[in-house]
Every structure is written in C-alpha cells, then in structure tokens.
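Peer 1: This is the structure alone, sequence omitted:
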C-alpha cells in the first residue's frame with residue numbers, strides 16, 4: 001500500500017512562481033509514487049479573510065486550474081475542498097483540548113504571520129488556532145508525509161505533539177506521526193527583494209499572468225541600486241533578476257557567464273531583464289495555454305470526485321477517533 005501524503009494551498013489568489021519552484025514541482029514528482037491528497041484549504045483561508053469570503057470561494061476553481069495546468073493528474077492525485085469535509089472541524093475540536101494557549105503562542109510560524117498581518121491584541125481565535133486545524137487535516141487523511149517549506153516545520157512538530165498526546169491519553173496507536181518533505185530549493189524572493197514571493201504581498205508572478213504582465217513585473221524587479229550605468233560593475237548577490245535566472249533559466253552555464261559579465265561591468269539591467277522575461281515566457285506560455293483550455297464544469301467534477309473519495313477516508317478515521325475517546329453513536 002502506498003504511503004499517504006498531504007499537501008495543499010489556501011485559495012486566496014492564483015498560484016505563483018514561488019509555489020511552482022517549491023511545492024508544485026514536488027507534487028508532480030510525488031504523485032506517481034505516493035497516494036497524494038491536495039487540500040484546497042478554504043476553511044483555513046477564512047481565518048484571515050472571514051470578512052471577504054468571496055476572495056476565497058471564487059479562487060477554489062482558479063487554484064484547481066493552476067494545479068491541473070502544471071501537471072497534477074486527478075487520476076493520481078486526489079484534490080479535496082476542505083470545507084466539504086465536516087470531520088475536519090470535529091477533529092479540530094477534539095485536538096483543541098490537547099493544546100495549550102502557551103504552545104500556540106510559542107509557535108514561531110504563527111508568531112511570524114501575526115506580525116506580518118499586523119495583528120496585535122486583536123488576533124482572531126480561528127487564525128491563532130489554525131495549526132490545530134492543520135493537524136486535523138494531516139491526521140484525518142492518515143498522511144505520513146507532508147511536503148512543506150522549512151518555515152512550516154513548527155507546524156509538523158505541533159501535529160506530532162498532538163498525535164503523541166492523543167495516543168497516550170486514549171491508550172491507542174491509531175494516529176500516526178508524520179514527516180516533513182522539504183523542497184531542495186529555497187523559498188523564492190518577491191520581485192521587490194524584500195520578502196518571500198507572496199500573492200498577499202503583491203510581489204509575485206502568477207502562473208496565469210499574461211505576457212505583458214509578466215514583462216512588466218520583470219522590469220519592476222529589484223537589482224543593484226548602485227549599478228547606475230551598464231559599464232559599472234554590479235552586484236549579483238541580492239539581485240532579484242539573477243535569483244530568478246538561477247531558478248528558471250534553462251542554461252545555468254549561460255547564467256554563470258552573465259553573472260561574471262555583470263560583476264566586471266558592461267552588462268545593463270535591461271539586457272538581463274529581457275533574458276529573464278524570455279525564460280519566463282517560455283516556461284509559463286504552455287502552462288497558461290493548458291489552463292485556458294480547461295473547462296470549468298470539468299474542474300468542478302474533478303473536485304466533486306476527489307472530495308467524495310476523501311470523505312470516505314475521513315469518515316473511517318473519525319470513527320476510530322470517536323471509538324478511542326469513547327464517544328458512542330446513537
């Protein structure tokens with residue numbers, strides 16, 4: 001039997017190059033080897049978009065189209081809409097009894113996101129507790145492997161702490177600990193060079209961006225502020241254009257030559273931005289064309305089928321959990 005693997009995204013906007021270079025490429029490789037579930041995490045997205053639910057619901061189809069356009073195969077990967085699995089909410093309630101406020105408050109991922117979103121004392125409880133919901137996602141689908149970035153490792157540890165506590169209190173071993181699957185590539189910096197690429201920060205290139213938008217974003221990229229004239233020597237380190245060339249250009253020897261030329265002077269920013277734009281257009285053109293060919297009704301059918309399949313596994317897991325706790329059906 002194949003090991004189960006769970007991953008997912010919040011549908012607050014279309015997926016971007018930061019997703020592609022990390023988790024999305026991993027998912028394409030893993031789907032033929034593992035029993036992979038991808039969660040369209042609309043409930044989690046509502047923890048900080050509760051006042052604009054349309055931003056979440058409208059993007060469920062859009063994010064799914066992104067998955068399909070880059071090579072996620074619904075015959076190999078089960079795509080699930082989180083809100084349509086009520087057992088997640090039930091399991092979250094059970095887990096909340098096993099976690100202290102202190103544990104949640106010490107979670108570095110949560111602390112960083114609270115700071116990033118500008119929350120102070122007015123932190124929504126749903127957002128503060130979303131790591132517990134993530135633990136429910138992982139364990140409900142009996143996932144043993146979870147592809148994440150290194151910033152999400154505290155979430156995996158929190159999940160395993162809950163698993164150990166549950167199994168100990170209820171004298172069972174029905175819940176399995178999970179392991180993180182880290183991407184070999186580092187997180188992609190945003191086009192502004194200030195933080196990681198993020199749809200919420202508006203500094204990302206979406207997989208579905210049209211050619212003119214891609215070019216515009218490339219030409220907005222942060223380079224070397226001291227590289228005033230093409231003849232000036234330039235810095236490659238911290239130069240976003242070279243970061244993206246490292247990630248997406250098909251000829252890394254050519255990129256190395258560009259770096260050497262830029263460092264000694266004589267290579268302008270317009271030239272390297274045009275080279276990067278050409279690379280991204282070649283990469284994203286076929287993805288965008290595949291996306292445009294997808295029928296919305298077919299995408300809905302894929303979501304319906306995947307969610308129905310996942311619901312069977314969720315029901316089986318929650319029955320074992322209820323039995324372990326001692327909650328009887330009447």
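Peer 2: In hand now; what should we look at? This is a predicted model, so every value here is computed, not measured.
Peer 1: Identify the residues contacting residue 239.
Peer 2: By Cβ atoms under 8 Å, 6 or more residues apart in numbering, residue 239 lies in contact with 222-224, 262. For glycine as for every other residue, the C-beta is placed from the backbone atoms N, C-alpha and C.
Peer 1: Swap in 7 Å and give it another go.
Peer 2: 223-224 (Cβ atoms under 7 Å, 6 or more residues apart in numbering).
Peer 1: for residue 246, same thing?
Peer 2: residue 255 are the contacts of residue 246 under Cβ under 7 Å, 6+ apart.
Peer 1: Backbone dihedrals for residue 224, please?
Peer 2: phi -110, psi 110 (degrees, to the nearest 10).
Peer 1: residues near it, how many?
Peer 2: By other Cβ atoms under 10 Å, the residues close to residue 224 number 19.
Peer 1: shouldn't it be in contact with residue 234?
Peer 2: Yes - Residue 224 lies in contact with residue 234 (Cβ atoms under 7 Å); the separation is 4.6 Å.
Peer 1: And the residue located most distally from the centre of the chain, how far from residue 295?
Peer 2: Distance from the centre of the chain peaks at residue 231, with 40.4 Å (Cα atoms, centre = their mean). In this view, residue 231 and residue 295 are 53 Å apart by Cβ to Cβ, to the nearest Å.
Peer 1: swap in residue 276?
Peer 2: From residue 276 to residue 295 the distance is 33 Å (Cβ to Cβ).
Peer 1: Looking at those two now, which is surrounded by more residues?
Peer 2: residue 276 (26 against 9).
Peer 1: OK, contacts around that one?
Peer 2: By Cβ under 7 Å, 6+ apart, the neighbours of residue 276 are 218, 241, 244-245.
Peer 1: swap in residue 314?
Peer 2: 85, 87, 140.
Peer 1: you'd agree the residue farthest from the centre of the chain is in a helix?
Peer 2: No - counting by DSSP: H, G, I helix; E, B strand; the rest coil, residue 231 is not found in a helix; it is coil.
Peer 1: Low-confidence ranges, the stretch 201-330 of the chain, go.
Peer 2: 329-330 (pLDDT under 70).
Peer 1: hey, where'd the helices end up in it?
Peer 2: 211-219, 240-248, 252-264, 269-293, 296-325 (DSSP state H, counting those that start in this stretch).
Peer 1: Report the contact partners of residue 145.
Peer 2: Here residue 145 is in contact with 3, 5, 34, 178-179, 181 (Cβ under 7 Å, 6+ apart).
Peer 1: Quick check: it vs residue 131, distance?
Peer 2: Using Cβ to Cβ, we find residue 145 at a distance of 18 Å from residue 131.
Peer 1: Please name the residues that touch the nearest residue to residue 197 once chain neighbours are set aside.
Peer 2: With Cβ to Cβ, 6 or more residues apart in numbering as the criterion, residue 197 has its nearest non-adjacent residue at 3.3 Å, and that residue is residue 18. Residue 18 is in contact with 187-188, 196-197, 204, counting by Cβ under 7 Å, 6+ apart.
Peer 1: mind running it again at 8 Å?
Peer 2: 187-188, 190, 196-198, 204 are the contacts of residue 18 under Cβ under 8 Å, 6+ apart.
Peer 1: which SSE is it in?
Peer 2: helix 17-19 (DSSP states H and E).
Peer 1: And the strands in the protein?
Peer 2: With strands called from DSSP state E, the chain shows them at 4-9, 35-40, 77-81, 145-148, 179-182.
Peer 1: about what we covered before: please flag which of the contacts of residue 314 sit within helices.
Peer 2: Residues of the contacts of residue 314 located in helices (DSSP state H): 87, 140.
Peer 1: Just among the contacts of residue 314, which is most surrounded?
Peer 2: residue 140 (26 neighbours).
Peer 1: ok, that residue - contacts?
Peer 2: 85, 87-88, 91, 313-314, 317-318.
Peer 1: just those residues now: which is nearest residue 48?
Peer 2: residue 88 (17.7 Å; Cβ to Cβ).
Peer 1: Count the residues that sit near the residue lying closest to the closest one once chain neighbours are set aside.
Peer 2: Distances taken as Cβ to Cβ, 6+ apart place residue 136 nearest to residue 88, at 5.1 Å, with adjacent residues excluded. The tally of other residues near residue 136 (other Cβ under 10 Å) stands at 27.
Peer 1: same deal with the one 5 residues further on?
Peer 2: Around residue 141 sit 22 other residues, with neighbours defined as other Cβ under 10 Å.
Peer 1: Make sure it is actually in contact with residue 6.
Peer 2: Yes - in this structure, residue 141 is within contact of residue 6 by Cβ atoms under 8 Å, at 5.2 Å.
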